[in-house]
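Q: A structural model of the following input is requested.
(2 chains)
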Amino acid sequence: RKEVEQDPGPFNVPEGATVAFNCTYSNSASQSFFWYRQDCRKEPKLLMSVYSSGNEDGRFTAQLNRASQYISLLIRDSKLSDSATYLCVVTAMDSSYKLIFGSGTRLLVRP
Amino acid sequence: DAGVTQSPTHLIKTRGQQVTLRCSPKSGHDTVSWYQQALGQGPQFIFQYYEEEERQRGNFPDRFSGHQFPNYSSELNVNALLLGDSALYLCASSLERQPYGYTFGSGTRLTVV
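A: Down below sits the predicted model:
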């Protein structure tokens, strides 16, 4: 079983749509959680951190459910520029604080 | 402010050859991590260097080795290249005291033929 699992998509949505991505993680001891965005053939970039209380950044809302080991990302009012791969990330519980990435969910926003 | 710089950007090698990839961390960062991203997959942790020592290693064979220099820059070496080593190699730097503040470089795309 992968440590972080995501639906690969692609999610193909019209501009203005609301879209939600989910991911699950296997290590209940993981402490920090993130969503990264990766454009085609580019490096991953931090989109937002994820907290149990939920957090919002403009059109983006992230939520963490520790009991279910489940992380979500909601994008409202999708823009063409939101087209990218969204990577769910958790941290390992060791001295390296290494990031453990899911395989990513691809989003295509069409005009 | 320069971010993370990786070189070269692209590289083509033949099976069995050896390759060295280079990374200069973001100014002020002291920790360097290397990741391998195969096509269609998320990045996989290779190893991390801090104070010129390998601090943690992922599930990669000994063919993958690295080094960190006193100026915090780093190299990733891969020996006896296999076709399956073809991937995007990403370097990420951070501050040891702010471990989650990663900055990624734009990567080196390695193709093994």
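Q: And the strands in chain B, which stretches?
A: B:5-7, B:10-13, B:19-24, B:31-37, B:44-50, B:53-57, B:64-68, B:74-78, B:87-95, B:98-104, B:108-112 (DSSP state E).
Q: Outside of the shortest one itself, which residues are in contact with it?
A: The reference is to strand B:5-7. B:L21, B:R22, B:C23, B:S24, B:Y89, B:L90, B:C91, B:G105, B:S106, B:G107, B:T108 (CB atoms under 8 Å, 6 or more residues apart in numbering or on different chains). Yep, even glycine has a C-beta here, placed from its N, CA and C like the rest.
Q: Mean neighbour count, the strands of chain B: which tops it?
A: Among the strands of chain B, the stretch with the highest mean neighbour count (mean count of other CB atoms under 10 Å in any protein chain shown) is strand B:31-37, at a mean of 26.
Q: Hey, what's the angle from that strand to strand B:87-95? Just curious.
A: Our comparison of strand B:31-37 with strand B:87-95, counting by axes from the mean of the first three to the mean of the last three CA atoms, to 10 degrees, yields an angle of 160 degrees.
Q: tell me the average confidence for strand B:31-37?
A: Strand B:31-37 carries an average pLDDT of 96.
Q: can it be found next to chain A?
A: Yes: Strand B:31-37 reaches chain A (CB under 8 Å from any CB of the partner chain) through B:S33, B:Y35.
Q: re earlier: how about JSON lines for the strands of chain B, with distance to A:V4 added?
A: Shown next, in JSON lines, are the strands of chain B (distance: least, CB to CB, whole Å):
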{"stretch": "strand B:5-7", "distance to A:V4": "24"}
{"stretch": "strand B:10-13", "distance to A:V4": "28"}
{"stretch": "strand B:19-24", "distance to A:V4": "24"}
{"stretch": "strand B:31-37", "distance to A:V4": "14"}
{"stretch": "strand B:44-50", "distance to A:V4": "11"}
{"stretch": "strand B:53-57", "distance to A:V4": "18"}
{"stretch": "strand B:64-68", "distance to A:V4": "22"}
{"stretch": "strand B:74-78", "distance to A:V4": "23"}
{"stretch": "strand B:87-95", "distance to A:V4": "17"}
{"stretch": "strand B:98-104", "distance to A:V4": "16"}
{"stretch": "strand B:108-112", "distance to A:V4": "24"}
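Q: rank those strands by mean pLDDT and give me the bottom one.
A: Across those, the lowest-scoring stretch is strand B:98-104, with a mean of 83.
Q: Give me every residue in chain B lying close to chain A.
A: B:33, B:35, B:40-45, B:48, B:55-56, B:58, B:88, B:90, B:92, B:94, B:99-100, B:102, B:104-107, B:109.
Q: so who does A:L47 touch?
A: A:F34, A:W35, A:Y36, A:R37, A:D57, A:F60, A:L73, A:Y86.
Q: any idea of the pLDDT on it?
A: 95.
Q: Can I get the contacts of strand B:5-7 in CSV including distance to A:L108?
A: Below are the contacts of strand B:5-7 laid out as CSV (distance: CB to CB, whole Å):
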residue, distance to A:L108
B:L21, 31
B:R22, 35
B:C23, 32
B:S24, 34
B:Y89, 27
B:L90, 23
B:C91, 29
B:G105, 26
B:S106, 23
B:G107, 23
B:T108, 27
